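1. Structure for the following, please:
(chains A and B)
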Amino acid sequence: MNIPAQYDPSLTEDKWYAHWLEAGHFHSVPDDREPYTVVIPPPNVTGVLHMGHMLNNTIQDVLVRRARMQGKNACWVPGTDHASIATEAKVVHRLRDKGIKKSDLSRDEFLEHAWEWTHEHGGIILEQLKKLGASCDWNRTRFTMDEGYYKGVIDTFVEFHEKGLIYRGVRMVNWDPVALTALSDEEVMHTEEHGKLYYVRYAIVGEEDRWITVATTRPETIMGDTAICVHPDDERYKDLVGKKAIVPVVNREVPVIADDYIDLEFGTGCLKVTPAHDINDYELGQKHGLETIDTINADGTMSAEAGAYEGMDRFECRKKFPEELDRLGNLVKVEDYTNKVGRSERTNAVIEPRLSLQWFLAMEELSKPALEAVINDTVQFHPPKFKNSYRHWMENVKDWCISRQLWWGHQIPAWFFGEGEEDYVVARTEAEALEQARAKTGNAGLTMDDLRQDEDVMDTWFSSWIWPIQVFDGLHKEDEVAYYYPTNDLVTAPEIMFFWVARMIISGYHYRGEAPFKNVYYTGIVRDKKGRKMSKSLGNSPDPIELMKQYGADGVRVGMLLTSPAGNDLPFDDKLCEQGRNFANKIWNAFRLVQGWEVDEAKAQPEAAATAVAWMEARSQQAMEELDAAFASFRLSEALMTTYRLVWEEYCSWYLESIKPPFGEPIDGATKRATLEVFERMLKLLHPFMPFLTEEVWHWTSERGGHEDDLCVAAWPERAAYDKGILADIEMAKEVVTAIRNIRNDNGIPNKEKLELKVQPGDGYPAHLEPWIAHLTNVSGIEHVTEKVKGAFGFVQGTHRFSVPFGEGFDIDAERAKVQKDLEYQQGFLHSVRGKLSNEKFVSGAPEQVVENERKKEADALAKIAVLEEKLADLA
RNA sequence: GGGCGGUUAGCUCAGCUGGUUCAGAGCACCUCGUUUACACCGAGGGGGUCGGGGGUUCGAGUCCCUCACCGCCCA
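-> Numbering: from 1, shown residues only, chains lettered A, B, ... in the order given. Alright, predicted model coming up:
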């Protein structure tokens, strides 16, 4: 058998993935086992895999694979999100490239294009996840607009409407003038931007040369002003309240009103009130019964109300309008100013607050159990710091604007039959709608032609908020949802805590009476090494598929996990994947070594090997204990690191070196079997992190039968009690080995040259480790002596004194200097210990155990100092 | 403006209820090494006094106050 010296992922990964699929290892059906369920955060249907998906899905796969091996009925449901606004924007863009305007198409024609796009791109990202090794149950793949899911979304709308929780109302919404739709607050990003602050004066009616000056960042809205507002306590303007001011250019008389909403310090202390274009002004308008004049069209151009400016872009108008003000003598001054501007998350367009008729879901009552669940840890957040922002948001939750002026999505199931505010019905189907409309109007002759369905669609999140339920068709059937719901863990990004996580918890309580998952693991953002967010425009985002080609999927998975504790951003560097690849290679080579040993059953097990086997057994048990603890608290990078060190440090560097038979000689059967057993156990522990490599090696280490023998479904190793004594003993012995290696290193003594080792044993000296030490240090033997050894290197471990007699021509001065340095350190240490012990308050105040420890430290230090002083005298 | 989190080796991070040499890990770095699994390697090593200041305590990265800086969320 000739196994290549380097592991080549390209030869194994596709092979094993196909094998697992064929074996049906990822497919789940309800049975009598405990379920372990994860629903994927559905990526946008037209998206391509980026580093964020890599991180997120690697984590999910680790959790799912581990659960599967633990004997749970693991079910990871994949799928995609129709992503209403993002997808529609892409389709519009693509049509534009072909010279087609959305406005030239009918709704049906447009949707045809959108579906075409969806079918073309819909599968890509899921195929990419397979490369990563994601063990999703692909038979369960869902899409938020597939038939059953669509129906579920419509049903929720109708049901909430029947309950009176969904209502229609005129509200100030965040308007995206590019996408031509309303957005929820969560879809608006606020950034600081440089602008100007314009000071504009308005003439007061009936007063000679009396003016009132306001400061505004948005002069183009002046034509929509319907009042001037001052603070009721403001002495400067008190006498003007109740008078009228003249809006420049349009020469409209508006009242001067007073309201304590006004900030006395800002600008001039006077506010122009434009209820149509500012949320606060809108509220002021409501309160004071002001007129609303809309001067801006849906597409961001000026409306007919803007007179000569009609049709001009709002930003162009912002430049031009002040010029006219200046000519008329109304512009007092212009200052540079920095203020917060809201932009659309999707189109980056500056949001225009706009009044419109939208659908809303009343949130206050609905969200109460969802708030409680997170506060009392029924749903646990990892890391828990996110609980605070969750609470803050939930305590101030606003009604959810769920309508969007788009075509791609779930069309709102409302049909209008007249122009009156209440002239509509909400129903699951056209037939139901017609029936209801007939009843409502009392007109039995009404036909579908008399009904007009609402053009709008629902917010994307209004479909994904029922994801953990409806992927199992849980709104319509009980069989599967009863088994899989609630799911176990959700892995997602903190950015969508409000968009998605909070709302899933809300709908979970509403529909199932319990939260949809027990744990939420928040990943961080994958950044480049300079700490910048990865983005297309910066071109700093590596192509995950290329990365996997270069380092193997296992290498990339390890790379993603190495430095990303929950909630922390991940500064990504190819180096991390390289480390992952190197680790894979290390495991591969450990396997090559072990596999290559010929066994001689007649050979007795050497003592050193017996010691090593006992130690490795205990050490791997201890590591499993640590691993379980790390998983229990979702510290996955720590879990990986524990495994990494167990394999590389303990198994490869210490264990294998201590059982290696001399060159060309066979190994005894007992040692070989034990070595393979631990190795296979480690393969199991590694499998969730590195599924491909481990499955490959697994099939090399033993004869494997059918699919049920795959590592993918092998039983997770059982924990057992272990010998802590040998762990401590070996730690001491390792120090001895290192000390001798140091003597060789410092004095240029080759490993091949045998050394003598003498020891004056102290209390609890583990003599049984001597063969192990001798094996690793190439000493001819370990001799017990009762007196100090002259002419030797020396070191102390615990109370045991070791000596290595000098060979030919060693550097006595260097040795003396080293001993001197050591001595000074010990003296310093003794001094600090005695400092504590001579402190009356310490001795009386500290617990007995602590004081006792200090006394022991003192004794040890004294012993060491005595040895070192002797040594120094010896070397003089 | 409100809220939250952070500041520990060159980098990324551990460090739970204050007390064993607790100052740790991985990577990077330096020295040595062509020993028959692996140079995608091995052995060894240097490096931080825990952002600044103050306090509580016998004792503080670990608790409290304060300042500075950074990040995130919300308005």
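2. Would you mind listing what in the stretch 501-650 of chain A touches RNA strand B?
-> A:531, A:562-563, A:565, A:568-569, A:571, A:575, A:579, A:581-582, A:584-586, A:589-590, A:592-593, A:596, A:637-638, A:641, A:644-645, A:648-649 (Cβ under 7 Å from any atom of the strand). For every residue, glycine as well, the C-beta is placed using N, CA and C.
3. from those, which would you call buried?
-> A:562-563, A:565, A:571, A:579, A:581, A:584-586, A:590, A:592, A:637-638, A:641, A:644 (16 or more other Cβ atoms under 10 Å).
4. Okay, and which of the residues of the stretch 501-650 of chain A next to RNA strand B map to strands?
-> Among those, the ones falling in strands (DSSP state E) are A:Pro571.
5. Apart from its chain neighbours, what residue comes closest to A:Lys131?
-> Closest residue to A:Lys131 apart from its sequence neighbours, by Cβ to Cβ, 6 or more residues apart in numbering: A:Met548 at 5.7 Å.
6. Against A:Ile469, how distant is that neighbour?
-> Distance of A:Met548 to A:Ile469, computed by Cβ to Cβ, to the nearest Å: 33 Å.
7. From the contact counts, what lies against the longest strand that chain A contains?
-> Counting by DSSP E, the longest strand found in chain A is strand A:188-204. The contact analysis (3 or more Cβ pairs under 8 Å, 6 or more residues apart in numbering; DSSP states H and E) places strand A:188-204 against strand A:211-216, strand A:244-247, helix A:314-328, strand A:331-344.
8. Taking helix A:314-328 as reference, get the angle to it.
-> Angle, strand A:188-204 to helix A:314-328, by axes from the mean of the first three to the mean of the last three Cα atoms, to 10 degrees: 20 degrees.
9. For A:Ala258, list the residues it contacts.
-> A:Cys229, A:Val230, A:His231, A:Pro232, A:Val241 (Cβ atoms under 8 Å, 6 or more residues apart in numbering).
10. Neighbours of the nearest residue to A:His194 once chain neighbours are set aside, how many?
-> Setting aside the residues directly before and after it, A:His194 is nearest to A:Thr338 in space (Cβ to Cβ, 6+ apart), at 5.5 Å. Using other Cβ atoms under 10 Å, the number of residues around A:Thr338 comes to 11.
11. Look up how far RNA strand B lies from A:Thr338.
-> As defined by Cβ to the nearest atom of the strand, to the nearest Å, A:Thr338 lies at a distance of 11 Å from RNA strand B.
12. and the biggest helix by length in chain A, is it in reach of RNA strand B?
-> Counting by DSSP state H, the longest helix found in chain A is helix A:848-875. Yes - using Cβ under 7 Å from any atom of the strand, helix A:848-875 reaches RNA strand B at A:Val850, A:Asn853, A:Lys857, A:Asp860, A:Ala861, A:Lys864.
13. just stretch A:477-495 next, same as before
-> Yes - interface with RNA strand B: stretch A:477-495 contributes A:Pro494, A:Glu495 (Cβ under 7 Å from any atom of the strand).
14. which residues make contact with stretch A:520-533 from outside it?
-> Contacts of stretch A:520-533 (Cβ under 8 Å, 6+ apart): A:50-52, A:54-56, A:59, A:379-383, A:386, A:489-494, A:497, A:501, A:534, A:538, A:540-541, A:564, A:566-573, A:634.
15. taking those one by one, which sit in helices?
-> A:Met51, A:Gly52, A:Met54, A:Leu55, A:Asn56, A:Ile59, A:Phe386.
16. count of neighbours near the third one?
-> It stands for A:Met54. Counted with other Cβ under 10 Å, the neighbours of A:Met54 add up to 24.
17. Does it touch A:Leu132 like I think?
-> Yes - under the criterion of Cβ atoms under 8 Å, A:Met54 makes contact with A:Leu132 at 6.5 Å.
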